[in-house]
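1. Build me a model from this:
(chains A and B)
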2 protein chains.
Amino acid sequence: MTETAKVKARLPRGFVDRAPADLAAQERMLAAIRASYELYGFEAVETPFVEYTETLGKFLPDQDRPNEGVFSFQDDDEQWLSLRYDLTAPLARFVAENFDRLPKPYRSYRAGFVFRNEKPGPGRFRQFMQFDADTVGAASVAADAEICMMAADTLERLGVKRGDYVIKVNNRKVLDGVMEAIGLPDAPEHHQRRLKVLRAIDKLDRLGADGVELLLGKGRKDESGDFTAGAELEAEKIARVLAFTSARKATNAQTLAALEQAAQGSARGSEGVGELREIAAFALAGGYGEDRILIDPSVVRGLEYYTGPVFEAELTFGVTDEKGQPVRFGSVGGGGRYDGLVGRFRTEPVPATGFSIGVSRLFAALKLIDSPIVGAGAQRGPVVVLVMDRERIGAYQKMVAALRAAGVRAELYLGSAGMKAQMKYADKRNAPCVVIQGSDEAAKGEVQIKDLIEGAKAAAAIQSNEEWKSARPAQFSVAEDKLVDAVQEVLARRDA
Amino acid sequence: MTETAKVKARLPRGFVDRAPADLAAQERMLAAIRASYELYGFEAVETPFVEYTETLGKFLPDQDRPNEGVFSFQDDDEQWLSLRYDLTAPLARFVAENFDRLPKPYRSYRAGFVFRNEKPGPGRFRQFMQFDADTVGAASVAADAEICMMAADTLERLGVKRGDYVIKVNNRKVLDGVMEAIGLPDAPEHHQRRLKVLRAIDKLDRLGADGVELLLGKGRKDESGDFTAGAELEAEKIARVLAFTSARKATNAQTLAALEQAAQGSARGSEGVGELREIAAFALAGGYGEDRILIDPSVVRGLEYYTGPVFEAELTFGVTDEKGQPVRFGSVGGGGRYDGLVGRFRTEPVPATGFSIGVSRLFAALKLIDSPIVGAGAQRGPVVVLVMDRERIGAYQKMVAALRAAGVRAELYLGSAGMKAQMKYADKRNAPCVVIQGSDEAAKGEVQIKDLIEGAKAAAAIQSNEEWKSARPAQFSVAEDKLVDAVQEVLARRDA
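-> Below is the predicted model:
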């Protein structure tokens, strides 16, 4: 073969490879979520990674920019396909396509990777996993309440203690109602002013109520002297908006009363508050108090397709942010009602609500709180049978086969290195013990077993304690036909 | 909202949606494969779905045909990315990139979807799952033998009986050796004639030895009178090729002797036969006779990158093909040694061997033989609490919460339909029983439980047997606080 230029081996930007300990821990986490969802009668469904681009609600990509946000490509028929960017749009397609045969309401769940064609950055990946649950065909907010209760149960099952999480609930209709009440319903002629008001509300965290008040009125000059024009609302309308932004009170009942005030005069707003009241009541009937399911007007959720209740699962325990400041861990999932999404495909209205977990973020949280679900423990390695004498590899093969037949994870050393490198390999594999048979042992019908865990203990003891000789024997001989028993004894010791 | 044109909900061609029973069964199958591979010391690794196009060994796609066989697209940096089309090329990239920190030999496994941009057809999908295991860094054919033994163990663990499968092993070097022996080594000047010989060999199944003999010599006229030019080999060379194509004998030892004959005079051919001999010996040492691991010169494997031993896992039980003819089920996986693949990225040679299972094909096979691993059993549905009285939905919510707290899969009916439709829904969900509480029962502090399984039995009995009244009661009342106990009793009955 002629020498050719080598290709550089590199993982694409924004993607990750994952190692066995994390894969196993994450699989346990996913299994616990599945069990929780199954208990609520949700059933699994799987859709492909690829959908027609128009299914995802994007317009056909133009030839020059086929990948705005999503990865898109054409198939052999020149149809535009895209990698899914969430699990909701594919579900809507699936339900619309199989509508008649599905039970209604249809509760389903699915975990899967989604893809974003965005600039990757710290914690921002181009492929990441979501775990979604959705109820399609239920107009009642009992379905929303159920999903919030299920989210709470799921977090507890995963090891998050009560008090360390809260499911926050808001309703898009309430803010719509406030906007209606101040004379800015969702219509083209109000577009500019609505936007100003929404932007002002969005700055509450940063500027406080005083700053928002200025932005809703005449405008605001910042420290640098830059002036931001205001929405020019009258005082009473400003008061109305501020009543909304400050509606979160000590109890759900008080919050609901404050929201009622803020949305007064708008049918849509009152409907929204009524729905929140129902959700809180359903939750309470199921035994979920406001320590777990909380009405909170600050929940926004970015996606445009939400039409009613929106939820956020927040972990409330403290962590330290990148600047060393203590902060709450924050959101690990969220969702809401999206009554219009299946309707894109069908003539009848199809109400739906759902909840999506950010899998890697939740996984990181569980590691932070040392949840046993994701605790790796020491990864168990296999027993390694060393190759002392290449001529006798058939005999070694027989030993590993016997170990495996007894259910013992075992492997034959398959490289070409000598004894020392083989021992290093066994260490790297985290082997509990190695099996050694040189020609001397073979002649006597014996094998040596070297217990690497006791061996390591003994080695440590040499430095710290003269009496290390009282440690269990780290290496010993047994008759060939006692190999499996002896290895199992070593493993039992390790587990003891 | 204005009426807009509806998007048609359609699954893209060549892709599938999957239902819960199949997902659960397949997950059990994958878990069994994982357990088998773990026992051999293989560890999990996961790579992303997307790789740089050059990593996959394709040249950069040209703008007009970016998707020849693979789905390709450009990211925001205009780098070409592709969806992986197998799991081997990404593994080679992963190993090359992480070479220094990995144990060597490095045994790993992974299951995952791969993508092909080909015309879909019956049984030909654009997204399908493979389950691969590979050993990288072991030059010894003991690694190939190990993978064959592991494949045999895995099939048995999945419920395939001994005698119903065989792992067939061949070696690319043997055919190379035969070509060398007839004066046609792999060199540009022999390219045309080699191709003729290979094509002739490939027609053995269709034309028999006589047809192949003609094609190796002067050429062959078919029934329609069309003439195919031959390779114009001399008689002794033709005899040599035919010795190879007919080398499969009754025992491994005889087959090896026949191959030795056919490859005589070629160092590469003898090396190949020697390797096959070693593999058979290793297998035997591990307790795997030729009923399980069989030397078979007919195994070809399409992929160009194989450099030595190649394997095919074949299921030998009979099925009926689309023409109604009895045939063997055939291949469910295969693999081989690919010593050059990691070497694309690195200067040192990195030997490797692997085995890939076609997951959906194996799944279909296990269903055919009624393997308990994929046996669905009756899918258990959840208990459904009916909504008789919308005002009292909080009380129903309490009941489902109590059932779930006891570990019983349960759901509240969340639709808006009446009693009859709710019962139909419960049937569709395969519910074991429904819980009913109208205002009469509520007044008495009672609930009704309707056992749908006993109910169905009783209904059947009415037609067949007048004594149906002796059946267990299909519907009965219990006190509200005995609900959970009573439901568990119904479930226990069903399981009895």
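2. I'd like the distance between the residue nearest the centre of chain A and A:Phe15.
-> Against the mean C-alpha coordinate of chain A, by CA atoms, centre = their mean, the closest residue is A:Val359 at 1.2 Å. According to CB to CB, to the nearest Å, A:Val359 and A:Phe15 sit 15 Å apart. The C-beta positions use only the backbone N, C-alpha and C, and glycine is treated the same way.
3. how about the helices of the stretch 101-250 of chain A, start to end?
-> A:142-157, A:172-181, A:191-202, A:204-216, A:235-245 (DSSP state H, counting those that start in this stretch).
4. which intervals of the stretch 301-450 of chain A have sub-threshold pLDDT?
-> Along the stretch 301-450 of chain A, segments meeting pLDDT under 70 span A:302-303, A:376-379.
5. Show me what from it comes close to chain B.
-> A:340, A:344-347, A:381-382, A:384, A:393-395, A:397-398, A:400-401, A:404, A:407-416, A:425, A:428-429 (CB under 8 Å from any CB of the partner chain).
6. possible to save the helices of the stretch 101-250 of chain A as TSV with mean pLDDT?
-> As requested, these are exported to TSV (pLDDT from 0 to 100):
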stretch	mean pLDDT
helix A:142-157	97
helix A:172-181	92
helix A:191-202	87
helix A:204-216	90
helix A:235-245	93
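7. For chain B, which of those helices is the nearest?
-> helix A:142-157 (4.9 Å; CB to the nearest CB).
8. which of the residues in the closest one are buried?
-> By 16 or more other CB atoms under 10 Å in any protein chain shown, the buried positions in helix A:142-157 come out as A:142-155.
9. for stretch A:100-111, same thing?
-> Those would be A:102-111, for stretch A:100-111 by 16+ other CB under 10 Å.
10. follow-up on the earlier one: among the residues of the stretch 301-450 of chain A next to chain B, which ones are buried?
-> Here, 16+ other CB under 10 Å leaves A:340, A:344-346, A:381-382, A:384, A:393-394, A:397-398, A:400-401, A:404, A:408-415, A:425, A:429 buried among these.
11. hang on, the earlier thing: how about the buried residues of helix A:142-157 in a markdown table, adding distance to B:Asp205?
-> Shown next, in a markdown table, are the buried residues of helix A:142-157 (distance: CB to CB, whole Å):
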| residue | distance to B:Asp205 |
| --- | --- |
| A:Ala142 | 63 |
| A:Ala143 | 59 |
| A:Asp144 | 62 |
| A:Ala145 | 64 |
| A:Glu146 | 59 |
| A:Ile147 | 57 |
| A:Cys148 | 62 |
| A:Met149 | 62 |
| A:Met150 | 57 |
| A:Ala151 | 58 |
| A:Ala152 | 62 |
| A:Asp153 | 59 |
| A:Thr154 | 55 |
| A:Leu155 | 59 |
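12. and which of these is nearest to A:Leu56?
-> Minimum distance to A:Leu56 across the buried residues of helix A:142-157 is 23.1 Å, recorded for A:Ile147 (CB to CB).
13. surely that closest one meets A:Phe311?
-> Yes. A:Ile147 is in contact with A:Phe311 according to CB atoms under 8 Å; the separation is 7.1 Å.
14. how is chain A carved up into domains?
-> Per automatic domain parsing, the structural domains of chain A span A:20-49+A:84-171+A:247-254+A:262-368, A:383-495.
15. Quick one: distance of the last one to the chain centre.
-> When you say that, I think you mean domain A:383-495. 41 Å (CA atoms, centre = their mean, to the nearest Å).
16. For the residue nearest to the centre of chain A, give me its contacts.
-> Under the criterion of CB atoms under 8 Å, 6 or more residues apart in numbering or on different chains, the neighbours of A:Val359 are A:26, A:29-30, A:111, A:128-131.
17. For those residues, which entry has the maximal number of neighbours?
-> Counting neighbours by other CB atoms under 10 Å in any protein chain shown, A:Met29 leads the contacts of A:Val359 with 24 neighbours.
18. Just after the host helix or strand of it, pick out the following helix or strand.
-> Using DSSP states H and E, the element containing A:Met29 is helix A:20-39. The first helix or strand that comes after helix A:20-39 along the chain, using DSSP H and E, is strand A:43-44.
19. near chain B, anything from the helix or strand that that next one is followed by?
-> Next along the chain after strand A:43-44, taking DSSP H and E as the criterion, comes strand A:50-52. Yes. Using CB under 8 Å from any CB, strand A:50-52 reaches chain B at A:50-52.
20. How about stretch A:38-45?
-> Yes. Using CB under 8 Å from any CB, stretch A:38-45 reaches chain B at A:38-41, A:43-45.
21. ok, and what's touching that stretch?
-> Residues outside stretch A:38-45 that contact it (CB under 8 Å, 6+ apart): A:34, A:91, A:94, A:107-110, A:133, A:146, A:150, A:153, B:17-20, B:23-24, B:381-382, B:384, B:404, B:407-411, B:429.
22. Hmm, A:His190 is touching A:Leu184, no?
-> Yes. Proximity of A:His190 to A:Leu184 meets the contact threshold set by CB under 8 Å, at 4.5 Å.
23. Could you give the residue of the stretch 151-300 of chain A that lies closest to chain B?
-> Residue nearest to chain B within the stretch 151-300 of chain A (CB to the nearest CB): A:Ala285, separated by 3.5 Å.
24. Now that residue: closest residue in space that isn't a chain neighbour?
-> B:Gly394 (3.5 Å; CB to CB, 6 or more residues apart in numbering or on different chains).
25. Next: A:Asp153.
-> A:Ser36 (5.5 Å).
26. got a pLDDT number for the one you found?
-> According to the prediction, A:Ser36 has pLDDT 96.
27. What of A:Asp77?
-> 80.
28. do the one 10 residues further on as well
-> The model reports A:Leu87 with a pLDDT of 96.
29. quick one: contacts for the spatially closest residue to it that is not a sequence neighbour?
-> Among residues not flanking A:Leu87 along the chain, A:Asp132 sits closest, at 4.3 Å (CB to CB, 6+ apart). Applying CB under 8 Å, 6+ apart to A:Asp132 gives the contacts A:87-88, A:91, A:109-111, A:335, A:354-357.
30. again, only using 6 Å
-> Contacts of A:Asp132 were listed using CB atoms under 6 Å, 6 or more residues apart in numbering or on different chains, and they are A:87, A:110, A:354, A:356.
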